[in-house]
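> Based on what follows, work out the 3D shape:
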Amino acid sequence: MKIFNLLSKTAFLSFLLVAFVFVSCKDDDDETPGTVDNNEIVGKWQLTAVEPENSSTTIPQLSLLPTLAPCYKELKFTFTNDNKVTLSDCDAAVALIGAFVNIAADTKWKVETGKLTLTNGSTSNTFGLTQNPNDMKIVVNTNTTGTGTPVNAVMSLKRL
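Numbers count the residues shown, from 1 in each chain. As a prediction, the model looks like this:
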């Protein structure tokens, strides 16, 4: 009888030990879901125009845009709800606009009180932003030298 009690206690303790091992090995390293941004900027937008903010201002670079990047009105901005942004569909326009609006593979976006902030690593640039569900305007300073008067251009986009 003592052997039977010893065997039953051993079996019970073994079962209990195995149960604890399975419970303690549970995979609890689930990735926490990132914050989902539901700003109305999320989606795909197509560039429809680039014009001086002030109609009396001339920006010489804008007149070169159709020649240097004939496909510039096909340029797409894609803003995802995990706060990433990409450019596509016109490499020439991506290169030209990159001097004013730097968007790389790891660029993050944030919208706050009429401002769009684009961040690449430790570098951030903020632009004026006007948006509604189907249209958006981004105000870009075309004066990249840092001297002289700022000259703003407005990029108009439509939602696709």
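> where in this protein is pLDDT low?
The model of the chain has pLDDT under 70 over residues 1-35, 144-148.
> show me where it has strands.
Assigned by DSSP state E, the strands in the chain fall at 43-52, 76-79, 85-88, 108-112, 115-120, 123-131, 135-141, 152-159.
> Correct me if wrong: residue 135 contacts residue 154.
No: using CB atoms under 8 Å, residue 135 makes no contact with residue 154, being 11.6 Å away. C-betas here are computed from N, CA, C, even on glycine.
> With neighbour numbers in mind, choose between the two.
Legend: neighbour count by other CB atoms under 10 Å for residue 135 and residue 154, higher for residue 154 (16 against 13).
> Residue 38 versus the more buried one, what's the distance?
Counting by CB to CB, to the nearest Å, the gap between residue 154 and residue 38 amounts to 25 Å.
> Same check on residue 153?
Taken as CB to CB, the span from residue 153 to residue 38 is 29 Å.
> out of those two, which sits in the busier spot?
residue 153 (21 against 7).
> Report the contact partners of that one.
Contacts were defined as CB atoms under 8 Å, 6 or more residues apart in numbering; by that measure residue 153 touches 50-53, 59, 62, 100, 139-140, 142.
> Then residue 140?
Applying CB under 8 Å, 6+ apart, the residues contacting residue 140 are 100-101, 127, 152-155.
> What residues are bridge-paired with the residue most central in space within the chain?
For the chain, the residue nearest the mean C-alpha position is residue 84 (1.6 Å; CA atoms, centre = their mean). According to DSSP bridges, residue 108 are recorded as the beta-bridge partners of residue 84.
> okay but it is in contact with residue 103, surely?
No: with contact defined as CB under 8 Å, residue 84 does not count as touching residue 103 (9.8 Å).
> For burial, what's the neighbour tally of residue 101?
Neighbour tally, residue 101, other CB under 10 Å: 19.
> Give me the spatial nearest neighbour of it, chain neighbours excluded.
What sits nearest to residue 101 in space, not counting adjacent residues and going by CB to CB, 6 or more residues apart in numbering, is residue 140, at 5.9 Å.
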